[in-house]
Structures are given as C-alpha cells and as structure tokens.
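A.B. asks: The following block contains a protein sequence and its predicted model.
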Amino acid sequence: MILKIAFRNIFRQKRRTILTALAMIVGFMLSSVFIGWSDGIYSNIIDMFTRNRIGHIQVHQEGYLDRPSLYKNITVYESIGNTIQNNEGVEAWTPRLYAAGLGSVGEKSTAVRVVGIDLMREQNATKFSQKVIEGRPFQDIALNEAVIGNGLKKILKAEIGSDLVIFSQAADGSIANDLYKIVGITDSGDDITDRTTCYLNLSAAQELFVLEGRIHELVVIVSDINHVGRVTSSIKDTLRGLTLEVLPWQEVAKSFYNAMQADKQGDSIGRFVIILIVAMGVLNTVLMSVLERTREYGLLRAVGTKPIQIFGLVLCEVVIIAFASIVIGAAIGTTINYLLSVYGIEFIDGFTFGGMKFDKLHAEVNIRTLIIPTFTVMLSALLVSLYPAIKAARILPAKAMRTR
Amino acid sequence: MENTQKTDVIVTEEITKVYDPDRIPIFALNGINLTIQSGELTAIVGPSGSGKTTFLNIISGLDTPTEGKVWLAGKVLSEMSGNELSDYRRDNIGFIFQAYNLIPVLTVRENVEYIMLLAGVPKTERHKRVTAMLESVGLAGVEDRLPTKLSGGQQQRVAIARAMVSEPSIVLADEPTANLDSKTGSDLLEMMRKLNSDTGMTFIFSTHDPMVMESAKRLITLRDGKIDSDETK
Ligand SMILES: Nc1ncnc2c1ncn2[C@@H]1O[C@H](COP(=O)(O)OP(=O)(O)O)[C@@H](O)[C@H]1O
Ligand SMILES: [Mg+2]
C-alpha cells in the first residue's frame, strides 16, 4: 500500500516528479558521457601508444628488457614469428634489431640508436610510412639507405641525401662502420625517440653488427586490444620451452600504464559536480514536497502509520523516480556515447599528448559508463532524501492537522 | 447489536495542557476529569479556543498532556512508546477531522481499507467489511472515485466509514460538520447517531454548532480549558 501511495504521488505531482527526474537524468547523462569520453580518450591514447610504438605484446630474449644487450638476441625469428601469427587474435608481427653507435654527418656527430626494421612487416604492424614526414622510407632491398628522426636531423644538420656514417662495435668484437644515404625523416610523435633513432633495413643492420639472422625484439599487434592478456598467454603457451619473455604492453610500459590507470581514477572532481547537481535538484524538490504534504503525513500518522513507514514512503518515491531516471539517462547517455564513439570529435589542428598527435578523438561505450552513474545517482539521491524523509517521519500529527 | 454491559472507555485524571510554558503560558486544558463509557454519543462543545481539539488529541494519544493521566480501554497512554501508540491508534481509535481526512491519491475504497491493511487484515475480510461499511454510509457506487471527485458531505462520510471500519473502541470526530452546509451537516450527524445506536460504538465529537448539539446524548461544555457543564439527556 505504501508502494501504491508512492507510485500515485509520483504521478500526482507531475511537475515535481519531472523536475526531480530531470536532475537525475542530467546527472546520469553527464556522468555517463564524461566517463565514456574520458575512457575513450584513454583508449585512443593507449591505442596510439601501443599500435604505433611499442606494440601490444613484445617478445625478447630473457632479461633483455631489464638489461638490453647486443648479445641477448633471438634466432630463427621467422619461424617464431610464424608460430605467433598462428595464434588467434594476432594481427601482425614485426622484428626489430637494436644497437647503439655514433652517427656522423660531415663534422657533426652524436650518439644514435640504430633500429633495424623489416620494412614490409613494420609497415603492416605500425604503419611505418606514416611516420615519414620528409623524403621516403628506404627501399626494401636497399642496404645503404637510412631514415632518421626529425630531432637527429637537426642535431646532425643533415638533409635528405646527406651521407651518414655509423660507427660502432659489432657482435663479434670487430669494428662496425658503414656509410648510408639519408632518404627520409620521421616524426614518431616522441621527441626523445626522434632525437636518437636511425632506422636501417633489418638485413643492413644485421650485417653491420654481424648479427645475421638475429633480432632483439619481436613486436606483436593484436586485433583487439582488450584481448591482449588472452593472446599473451596463448603465445606464451606456443613458445614454451624457449628462453623467451612474452610481455603485454602493460608490463613493457609499466609507468605509462600506471599513469593511465591513475588518471582514470582521478575523475573525482567531475563526479563531485554531478553528485552536486543531483543532490541539489533532489533535495530541493523532495523537501518541498514533504513540506507541502505535512498534513497528509500527519493524517497517515494519526490513523496509525508508523514513522518508519512514512520514512519509507518518502524514500520509496525517490527510489522509483531514480530508477526511471537511470533508465532514461542510460538510454540517452549511451546513445550520445555511441554517436561520439562512431563519429568522434575532430580537432582542427589536432593536439599532442605525450608526444603523440591526435586529429580525432572517440568516446567509448563500456560498463563503467552505466555502473558508475547508476551508483552515483542512486546514492546521492538517497543520501539527500534522508533528511526530508526523517523530517516527514517526525511530523507530529496533532500539530500537522492544525496547520492550514 | 447493543452492548448492554457498560464499561469505562476513557478515563481522564486532572488533564492539563499548557502551551508555551516558558513564555506566556496558555492553559489549553486545565484539570479535566472525565469518564466516558462504551456506547456513549458525547458532544464536546464550547467556543473556539476553549480546548476541544486539544482534548480530543490528548485522549487519542496524538498529543501528550502536560500533566494528568489518560486511560484508554484500560491502558495508560503515557506509558506507551511511539510505535505502541501508532498501533494502538490504528486498532482502537477512529478519527474524523474537520477537513483533509482522506489520502488524496487513494480511492474511496482504498482510503477506507488503509487502516485494515496496516493491521494486516486478510484481503477477503477487508473487502467484505469495506463494502458493507460504504453501503451503510450510503456511498455504494462511488468506491473507485478519488476524494477530489466527491462533495464535502461525501468526503466526510468516507471519513466516517474509514473511522468505523476497523471497529475501534472509540470514534473521535473534531468538528466534523464545520465545513458542511447545515443540511448536509445534520444529515451526517443523523447518520452518526444511527450508527451509534446500531453498532454500540462509542462516539465523541466536538462542535460549536448548537443544532449539532441536539443529537448528542451527553453534552460536555468546555470553557477556557475547564469543564463548564456536563449533562446527560
Ligand atoms: N500548538 C499550539 N501552540 C500554542 N497554543 C495553542 C496550540 N494549539 C492550541 N493552542 C491554544 O490552545 C487553546 C485551545 O485550542 P483548541 O484546543 O484548538 O480549541 P478549540 O478546538 O476548542 O477551538 C487556544 O487558545 C489555542 O490558541
Ligand atoms: Mg478545534
């Protein structure tokens, strides 16, 4: 019966119900879109960071990540790569060879990080050619061509067509020394990378460092970033017995991952604003309604309704409105999130974050966009209704029936 | 079913009610000693402000006296907790106020049913009693209307039905006819008198309408919170 009264009161006081519901719906929507949008941005950043740079999963010789060394390399990488490719969810893989050396152009010299890449595979996996902003990528067969980072170009005062001498020590202890023609300049989005990196053809790098048939890193791209964990363990399974380390991006780039996680938790200000909107709207209307209905509560009390039942009646009305509002808010919020995830928002000049350039950002529809707003709205509505509900429960019937 | 064996339904002992005791004290009631027996039809009369409402509120446990004791059906009201009083009111007292008697969102039937629902009376029993009760106050046919769709007299009849349906020890009515025209008012009183004699239920109502006083068997006159006269016809 209390429930019946609650329901009918909701329909009787349409204007008030709509106001209350509006506060809750707007609060839910804001919260939902806020989360969908910020989660979307994080996903965009993570996607960019992993897909274009570190990959989703990396395979190294054991201990390489902790202490990189020319000697901790992987042999028969082609067959390892093919084994990996056969795992479900793997989109592409690409081998890399890393070495340090001294790069010189004319009078200028600086430390360079030589990265040997398989151009076709690298293109497939991380869209290498998109990073080349000047000139062109080297040709597949050309062993004497190099592509260098934008920052390195400035340090070395190099131009397209300049000659680059790389000087280092090879794996067999001999002197590694060769001349390359700079054919392209990259902008990877990360300044530090661009100040040091010099890309060579994988076979050229293997020859320079006397590491024929060997690489240091095998980068794997998966088709769905959310399945990285699963794909990682299945790759681990297929590579069992080899002294290889298979790590997902969360472990390869631990500090980046932790920063993203911390940022995700940090939306408390947004949540506070939403709680405030809901709280103000609900407190206002519920309190007004309680004050207006003093007589009615007085009557209910007079004929034998207990204070706790009056308390329940007030909360009941709020909960019913909250439920309906959450459903409506979820529908609208999810629609907005969905549209934003499909169409995204374009930035005229793009913007950079952590050295990565974004032209367009997309929102995301996930469970957080529903669960967090639901709890936020329900709890804040209930919390602020406690006071009016207690007030209603405490109405003295003798006094209430006198007021006119 | 006339209850021939009379018992004391309400006994009051030196009831005093003082409002605002700290500033200028108003003695709404000042030493009321009364005994009301079962089956009585008693009118509390007196000018406005003489303490009628305060008296009815106190004997029903809606309000507490500053001093004095009330026995209702043998129990001392001041010794009951809030929840006990709620249950006690629900089971033993029927209320009819001057106005705003009904829960606006409930239909006539639901309003009358409400107290029995609180008391946990089974559905078929509830239904039977509500139907019979509405019949006896002449409201058959409007059971499913909302209170706002009824005339003032009809609303008060619903209130009477609501007050009597759970067969309380006592029915209290605070100026039940004050908002009605005199014809409707006297019809209502006639009905209350008939219900009183038919059921033997105890009725106490307050009024300052001389015509209304006619229908009472016992007339208690209040003046400035004191009993001025107490006559039984
Ligand atoms: N809550 C209150 N605070 C102060 N004075 C009150 C209050 N309620 C009633 N009174 C006073 O008590 C007296 C009796 O009032 P009441 O019982 O309503 O009389 P009646 O019902 O006969 O008109 C009046 O003087 C009234 O002003
Ligand atoms: Mg009065």
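C.D. replies: Received it, and whenever you're ready, just let me know what you need. Numbers count the residues shown, from 1 in each chain, chains lettered A, B, ... in the order given. Ligands and ions are numbered 1, 2, ... in the order given.
A.B. asks: mind checking how far the residue nearest the centre of chain B is from chain A?
C.D. replies: Residue closest to the average C-alpha location in chain B (CA atoms, centre = their mean): residue B:172, at 0.9 Å. Applying CB to the nearest CB, to the nearest Å, the value for residue B:172 to chain A is 10 Å. All C-beta spots, glycine's among them, are computed from the backbone N, C-alpha and C.
A.B. asks: Tell me who's in contact with the residue nearest to residue A:35 when sequence neighbours are not counted.
C.D. replies: Nearest residue to residue A:35 in three dimensions, chain neighbours excluded: residue A:369, at 4.8 Å (CB to CB, 6 or more residues apart in numbering or on different chains). By CB atoms under 8 Å, 6 or more residues apart in numbering or on different chains, the residues touching residue A:369 are A:32, A:33, A:35, A:36, A:39, A:333, A:334, A:337.
A.B. asks: how near is the third one to chain B?
C.D. replies: As judged by CB to the nearest CB, residue A:35 and chain B stand 38 Å apart.
A.B. asks: now for the helix or strand where that residue lies, which elements pack on it?
C.D. replies: Using DSSP states H and E, the element containing residue A:35 is helix A:14-49. Counting contacts by 3 or more CB pairs under 8 Å, 6 or more residues apart in numbering or on different chains; DSSP states H and E, helix A:14-49 packs against helix A:254-265, helix A:268-292, helix A:307-343, strand A:356-361, helix A:368-393.
A.B. asks: Tell me the helix or strand right after the last one.
C.D. replies: Spelled out, it's helix A:368-393. Next element after helix A:368-393 (DSSP H and E): helix A:397-400.
A.B. asks: So which bits of that next one are buried?
C.D. replies: A:397, A:398, A:400 (16 or more other CB atoms under 10 Å in any protein chain shown).
A.B. asks: Most neighbours among the contacts of residue A:369, which one?
C.D. replies: Greatest neighbour count in the contacts of residue A:369, by other CB atoms under 10 Å in any protein chain shown, goes to residue A:32: 31 neighbours.
A.B. asks: So for that residue, what's the nearest residue that isn't a sequence neighbour?
C.D. replies: residue A:333 (3.1 Å).
A.B. asks: Please work out how many residues are found near the residue of chain A found nearest chain B.
C.D. replies: Using CB to the nearest CB, residue A:304 is the residue of chain A that sits closest to chain B, at 2.5 Å. Residue A:304 has 23 neighbours, counted by other CB under 10 Å.
A.B. asks: residues in contact with the residue nearest to it when sequence neighbours are not counted?
C.D. replies: Nearest non-adjacent residue to residue A:304, counting by CB to CB, 6+ apart: residue B:90, 2.5 Å away. With contact set as CB under 8 Å, 6+ apart, residue B:90 has these partners: A:303, A:304, A:305, B:115, B:118, B:119, B:166.
A.B. asks: what do you get for residue A:271?
C.D. replies: A:31, A:372, A:376.
A.B. asks: circling back to that earlier point, now the angle from the helix holding residue A:35 to helix A:307-343?
C.D. replies: Angle of helix A:14-49 versus helix A:307-343, following axes from the mean of the first three to the mean of the last three CA atoms, to 10 degrees, is 40 degrees.
A.B. asks: Helix A:14-49 - what's its average pLDDT?
C.D. replies: Averaging the model's pLDDT scores along helix A:14-49 yields 88.
A.B. asks: Name the residues of it that are buried.
C.D. replies: Neighbour-count burial for helix A:14-49, counted by 16+ other CB under 10 Å, picks out A:16-17, A:19-21, A:23-41, A:43-46, A:48-49.
A.B. asks: and residue A:3, how many neighbours does it have?
C.D. replies: 12.
A.B. asks: The helix or strand harbouring residue A:184: partners in the sheet, and parallel or antiparallel?
C.D. replies: Following DSSP H and E, one finds residue A:184 within strand A:175-186. According to DSSP bridges, strand A:175-186 has the following sheet partners: strand A:132-135 (antiparallel), strand A:145-149 (parallel), strand A:163-169 (antiparallel).
A.B. asks: and the second one, C-alpha only, in PDB?
C.D. replies: Once side chains and other backbone atoms are set aside, the C-alpha atoms of strand A:145-149 remain, and they are given as PDB (Å, rounded to 0.1, in the frame of the first residue of the first chain):
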ATOM      1  CA  GLU A 145      69.700   3.800 -47.100                       C
ATOM      2  CA  ALA A 146      68.800   5.200 -43.700                       C
ATOM      3  CA  VAL A 147      65.800   7.000 -42.300                       C
ATOM      4  CA  ILE A 148      66.500   9.300 -39.300                       C
ATOM      5  CA  GLY A 149      64.400  11.000 -36.700                       C
END
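A.B. asks: which outside residues touch that strand?
C.D. replies: So strand A:145-149 is contacted by A:103, A:112, A:132, A:135, A:137-139, A:156, A:158, A:164, A:166, A:180-188, A:193-201 (CB under 8 Å, 6+ apart).
A.B. asks: make it 7 Å
C.D. replies: Strand A:145-149 is contacted by residues A:132, A:137-139, A:158, A:164, A:180-186, A:188, A:193-200 when judged by CB atoms under 7 Å, 6 or more residues apart in numbering or on different chains.
A.B. asks: just the last one next, same as before
C.D. replies: The set of residues that contact strand A:163-169 without belonging to it, under CB under 7 Å, 6+ apart, is A:99-105, A:112, A:114, A:146, A:158, A:175-182, A:208.
A.B. asks: residue boundaries of the strands in chain B?
C.D. replies: Applying DSSP state E to chain B gives strands spanning B:8-19, B:26-37, B:41-45, B:67-72, B:75-76, B:93-96, B:170-174, B:202-207, B:218-223, B:226-232.
A.B. asks: orientation of the fourth one relative to strand B:8-19 in degrees?
C.D. replies: Regarding strand B:67-72 and strand B:8-19, their directions subtend 150 degrees when assessed with the same axes, to 10 degrees.
A.B. asks: residues contacting residue A:230?
C.D. replies: Residue A:230 makes contact with residue A:89 under the criterion CB under 7 Å, 6+ apart.
A.B. asks: What separation is there between it and residue A:258?
C.D. replies: 22 Å (CB to CB, to the nearest Å).
A.B. asks: swap in residue B:169?
C.D. replies: 73 Å.
A.B. asks: how many other residues sit next to residue A:233?
C.D. replies: Residue A:233, neighbours per other CB under 10 Å, totals 12.
A.B. asks: part of a helix, is it?
C.D. replies: Yes: with DSSP: H, G, I helix; E, B strand; the rest coil as the criterion, residue A:233 is assigned to a helix.
A.B. asks: Could you measure from it over to residue A:125?
C.D. replies: Taking CB to CB, one finds residue A:233 at 21 Å from residue A:125.
A.B. asks: Same check on residue A:112?
C.D. replies: Distance of residue A:112 to residue A:125, given as CB to CB: 23 Å.
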